[in-house]
Every structure is written in C-alpha cells, then in structure tokens.
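>>> just the structure for this:
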Amino acid sequence: MDAAEFRKRGKEMVDYVADYLEKIDKRQVFPDVEPGYLRPLIPDCAPQDPESFEDVFKDIEKIIMPGVTHWHSPYFFAYFPAASSFPALLADMLCGGIGCVGFSWAASPACTELETVMMDWLGKMISLPEEFLAGKDGQGGGVIQGSASEATLVSLLAARTKTIRRVQSEKPELTEADIMGRLVAYASDQFCATLGTTPSCSFDKLLELGPICNKENIWMHIDAAYAGSAFICPEFRHLLNGVEFADSFNFNPHKWLLVNFDCSAMWVKKRSDLTGAFKLEPLYLQHQHHESGLVTDYRHWQIPLGRRFRSLKLWFVLRMYGVRGLQEHIRKHIRLSHQFEDLVLQDERFEICAEVVLGLVCFRLKGSNELNKELLKSINEAKKIHLVPCHLREKFVLRFAICSRTVESTHVTFAWQHISQLATDLLKAWEQNNHQQHQQ
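Numbering: from 1, shown residues only. Model (predicted):
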C-alpha cells in the first residue's frame, strides 16, 4: 500500500468507524458466538501472496464484528466505562503515524515533554497537592502507564527497593535477601488503598489510613482507577481528601475521561523513588543532555522499556472538550445512575445494596442468591443489555454501570423496564415451580 492508497483507504476506515459508532445502538450488545467460533472462519496459515485491502475490509463484518462485545453501546452497563471519543481516536491515529518509541527524552523529545506537561494539567484538574506535580523543578511528577494494575505493581516494586535501601543503611549487617524475607505488604481484599472499588464503588478512609502509613514509614499507593475522573468536579473532590499522605496515586482517564485505552495516569511525590528502582543505563541509551538535570527518561518510571506517544490523546481531549465539557460528561453519567437507582427503589421487589456515589448502582431482587443468578442469566441471555455481577457480604449482586459516551435517559429507562419484565417472568416461574414441588 502506497501513500496514495493509504489516503483513500484511510478515509474509508474513518467512515467505517464513524458509522460503527453512530449506529452502534442497532447492534446486539453481546455476541451470539460460542468459544472457538473464529478459527473455522479463517485459513490455517498466513497467505503466501498479498491480498487486497477490499478482501481484508470485507472480512471485518464477516469475521470480527460477529465476535465483538460492543463496549460503547448505550446498552452496555457492565464492568466500568471504556472511554472513547473522536478527538482521542484521531490522536491515536497520529500516534501510530509518528510511530516513535519514547523510552528516553532523546528518542523523541516531544513524546516525553508533552507527557510531563499533560500530567501536570491533569493533576491540577483534580487539585492534586503540589508535591505530585513536576512543574519546572519539582521532585514529583506524573507518568502514563498502561493500566491501574501496572501502576500498582510499579509502586510495589519502588516501595520494596526504597525499604530495602533504608533498612540496609540502618542495619548494614543484613543482606538484601535477609531483608526481602521480612518485608510485608499490607492490603485489604481490594489490594491497596482504593477510591471507588470495582464491585461497589466504595471508598477507603484515606484520612485514617494515611497518618498511620506516614507514622510507620509505609508506602501508601492509592488506586482510583474509575472514580478518579470524577474528582475534576469540585463537588466530588472531597473523596480525594487524604491523598496528601500518599506516596503514589493513580487513576484511569481511559475509563471515564473520554481518552481511549490505554492511558492510566500515575503520580509520585518523589520521582527518585521510581528511578531508583527501575534505572537502566546501557551506553546506547545514554545521551549528552543528562547532565542538565532537566531530562526525564520515562523508561525509569515503568516496567516496559518501550512506550507509545500516549500523551497526544490526552492533549487532544483536554483541549477539545475543556474542563467544563469533561465535567458535564461525568455529571450526566452520575445523574443517569441516580435515575436508575430511583427506578429500582420504586419497585418493592428489589433492593439497593450499596450507596450510589458515582455512576454505579448495585442492586438485586430481595431473595436468594440463586434467584439473582437466574435473573442475571436471563438478562444476559436476552442480549438486549449487558451486566456483570459482584459479591457483597456473601450476597450475589447485580452491577449497573453507566458506561457509554452516548447513553441517555431513554436507554436507562429501557434497561429498567427490560429487567423488571424479566424479573416478573422469573418470579412467576419460581412460584409455579415451588407450588408444584409443594403439591408433590
């Protein structure tokens, strides 16, 4: 494919993606396929000779789309949102076009410097304490990781290295292996200090945890993967109170801030804590600007060596939506979650199982776990909407997460009417079943 054909095919692909997203509500949210559906549809081996773009393009609808779960459908209420927006998609296209691998400043100065500035922008949007920002000569700073679990692992490894070095300075007679065997990581059943847990969007008490961690010299990492985006709204910023005690903090703009995957924002108070754990300096990666002290080499802040130009999509989205536009997006989703909560509360057969703070509603039929498992099964087998469950204190609970950028009040109303009707059918069937068993 030469540049001329790329222009033509690129326009066709943009049209295809725009049509896909515009008409996504017409597609069944969850696919009909069984495991292994794809293998029989394609050859056993790669083709020896080139195929045309037309042939490849035709196979998108024939082979790929039948097996796609449509995360951006307004009928998708599972997991948490996966952010997507047209500015982010365009930026991702540019990222692929430039195709740099930004492991060091010299490998592409714009890739590194835009990321540093964007992470400061984002930090200011959620009113992070000054120590977490890079500024012109700060000790902290932000980095874009691939996922929140990656950020947690990076923090854990940095904390381990820092602790080993501290203990070695206090007790030089101990070897690294001696110290390693005695290290303890403190965790809840959600792993680390969490703001907006996955099952129920609950919040750990940072103002209680933080002072203890500081007093005992324990590294505190805060994971706000989903909820963090909401802190750009002043009315939700109080949920982040206590972040000043943390050593590291993370949230995912790729969940709820219209920046498509992957873009997980992580900040540290002391960048030297990360570089101390991950520093890698073979000769071929060194360059003459090191002496200036102004250079950030992000390979020292992460597990992989290579990295994409991910800050481009953050830059596009923050500029083209503005803080106000992004706040409106968050507030709309939260309004819709309260609309769904109100609908549930009006039906005495159901109960709400956790406080609705942001865009997640945890609810269930009053009754056994088996009954609720059957309800979820009938919802997901009907494939009109998509939900996933969680366990809260031994109860099997249904999660209803407001996800799609295009979801509206009508979709929420439809979802509730659908769930309500399925519940009616299910309860009738259970009553008949119980009646028959009683008669026998």
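>>> is it correct that residue 313 is in contact with residue 263?
Yes. Contact status for residue 313 versus residue 263: in contact at 6.4 Å, counting by CB atoms under 8 Å. C-beta here means a position set from N, CA and C on the backbone, and glycine is covered the same way.
>>> more neighbours: which of these two?
Neighbours were counted for residue 313 and for residue 263 using other CB atoms under 10 Å; residue 313 has more, 31 against 26.
>>> distance check, that one against residue 54.
30 Å (CB to CB, to the nearest Å).
>>> quick one: residue 54 from residue 84, how far?
The spacing between residue 54 and residue 84, counted by CB to CB, is 27 Å.
>>> regarding the protein, what is its longest helix?
Identified as the longest helix of the chain according to DSSP state H is helix 311-345.
>>> now do the buried residues in that one.
Residues of helix 311-345 classed as buried under the neighbour-count rule (16 or more other CB atoms under 10 Å) are 311-318, 321, 326-327, 329-330, 332-334, 336-337, 340-341, 343-344.
>>> and for stretch 103-110?
Residues of stretch 103-110 classed as buried under the neighbour-count rule (16+ other CB under 10 Å) are 103-108.
>>> give me the phi and psi for the residue nearest to the spatial centre of the chain.
Among the residues of the chain, the smallest C-alpha distance to the mean C-alpha position (CA atoms, centre = their mean) belongs to residue 255, namely 4.0 Å. Comment: the main-chain dihedrals of residue 255 come out as phi -90, psi -50, following degrees, to the nearest 10.
>>> and it, how close does it get to residue 422?
28 Å.
>>> and residue 63, what does it touch?
Contact analysis of residue 63 by CB atoms under 8 Å, 6 or more residues apart in numbering lists 38, 41-42.
>>> quick one: it from residue 57, how far?
Between residue 63 and residue 57 the distance, using CB to CB, works out to 11 Å.
>>> quick one: residues in contact with the host helix or strand of residue 149.
Residue 149 belongs to helix 148-170 when elements are defined using DSSP states H and E. Contacts with helix 148-170, where a contact means CB under 8 Å, 6+ apart, come from 145, 174, 176, 179-180, 183, 185, 191-192, 217, 219, 221, 223, 225, 247-248, 250-252, 264, 266, 268, 273-274, 276-278, 301-303.
>>> chain center to the next helix or strand along the chain from it, what's the gap?
Heading C-terminal from helix 148-170, the first helix or strand you meet, by DSSP H and E, is helix 176-180. In terms of CA atoms, centre = their mean, to the nearest Å, the gap separating the centre of helix 176-180 from the centre of its chain is 35 Å.
>>> what packs against helix 176-180?
The criterion is 3 or more CB pairs under 8 Å, 6 or more residues apart in numbering; DSSP states H and E, and the helices and strands that helix 176-180 contacts are helix 148-170.
>>> quick one: buried residues of the helix it packs on?
For helix 148-170, a neighbour-count test (16+ other CB under 10 Å) marks 148, 150-152, 154-156, 158-164, 167 as buried.
>>> rewinding a little: okay if I get the contacts of residue 63 as JSON lines plus pLDDT and neighbour count?
Conversion of these to JSON lines gives the following (pLDDT from 0 to 100; neighbours: other CB atoms under 10 Å):
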{"residue": "38", "pLDDT": "95", "neighbour count": "12"}
{"residue": "41", "pLDDT": "95", "neighbour count": "13"}
{"residue": "42", "pLDDT": "94", "neighbour count": "11"}
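>>> I'd like those as a markdown table, with secondary structure and distance to residue 415 appended.
A markdown table is the format used below for the contacts of residue 63 (DSSP: H, G, I helix; E, B strand; the rest coil; distance: CB to CB, whole Å):
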| residue | secondary structure | distance to residue 415 |
| --- | --- | --- |
| 38 | coil | 29 |
| 41 | helix | 32 |
| 42 | coil | 35 |
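>>> and which of the residues you listed is nearest residue 139?
For residue 139, the closest of the contacts of residue 63 turns out to be residue 38, at 49.7 Å, with distances computed as CB to CB.
>>> ok, the closest one touching residue 62?
No. With contacts counted by CB under 8 Å, residue 38 stays clear of residue 62, the gap being 10.8 Å.
>>> sorry, back to before: who are the neighbours in contact with the residue nearest to the centre of the chain?
80-83, 225-226, 229.
>>> quick one: it from residue 224, how far?
In this structure, residue 255 lies at 10 Å from residue 224, with CB to CB as the measure.
>>> for residue 318, same thing?
Using CB to CB, which is the criterion applied here, residue 318 is 18 Å from residue 224.
>>> cool, and residue 108?
29 Å.
>>> now the helix or strand bottoming out on mean pLDDT in the chain against helix 148-170, angle please.
Among the helical and strand segments of the chain, the one scoring lowest on mean pLDDT, DSSP states H and E is helix 271-278, with a mean of 82. Here helix 271-278 runs at an angle of 90 degrees relative to helix 148-170 (axes from the mean of the first three to the mean of the last three CA atoms, to 10 degrees).
>>> show me which residues of helix 271-278 are buried.
Of the residues in helix 271-278, those buried by neighbour count under the rule 16+ other CB under 10 Å are 271, 273-275, 277-278.
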